[in-house]
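S.K.: model the following, please.
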Amino acid sequence: MKVLSGVLVLCIKFLFCFANGDLRFIFQLRGKRYELNIDHRKKPIDNPIDNQLVLIRRKLDPQWLQQKLQDCLV
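M.R.: A predicted model of the protein is given here:
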């Protein structure tokens, strides 16, 4: 389990793609273990895959998380 600014995070799964790439990356964190994998399936041209973040947590302030994610945008 990780504590991020008072938030107890039990599990994280983050699916993301780069704008000019065809691959999807999958980052997972469970306890002290983490892994980063590449999904070699091509993104469908007519239905692009959006980035997705899944958190299993306790004591999460949704506004805090939204602000942290906004701070990451370029």
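
S.K.: which residues does the residue nearest the centre of the chain contact?
M.R.: Nearest residue to the geometric centre of the chain (CA atoms, centre = their mean): Phe14, 2.3 Å. Shown in contact with Phe14 (CB atoms under 8 Å, 6 or more residues apart in numbering): 26-28, 51-54. (Each C-beta comes from the backbone N, C-alpha and C, glycine too.)

S.K.: show me the strands in the protein, by range?
M.R.: 2-4, 7-17, 24-30, 33-39, 52-58 (DSSP state E).

S.K.: now these in CSV, please, with extra columns for mean pLDDT.
M.R.: Shown next, in CSV, are those (pLDDT from 0 to 100):
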stretch, mean pLDDT
strand 2-4, 53
strand 7-17, 78
strand 24-30, 88
strand 33-39, 90
strand 52-58, 77
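
S.K.: just send those strands back as CSV, with distance to Gln66 too.
M.R.: Below are the strands of the chain laid out as CSV (distance: least, CB to CB, whole Å):
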stretch, distance to Gln66
strand 2-4, 14
strand 7-17, 13
strand 24-30, 20
strand 33-39, 23
strand 52-58, 11
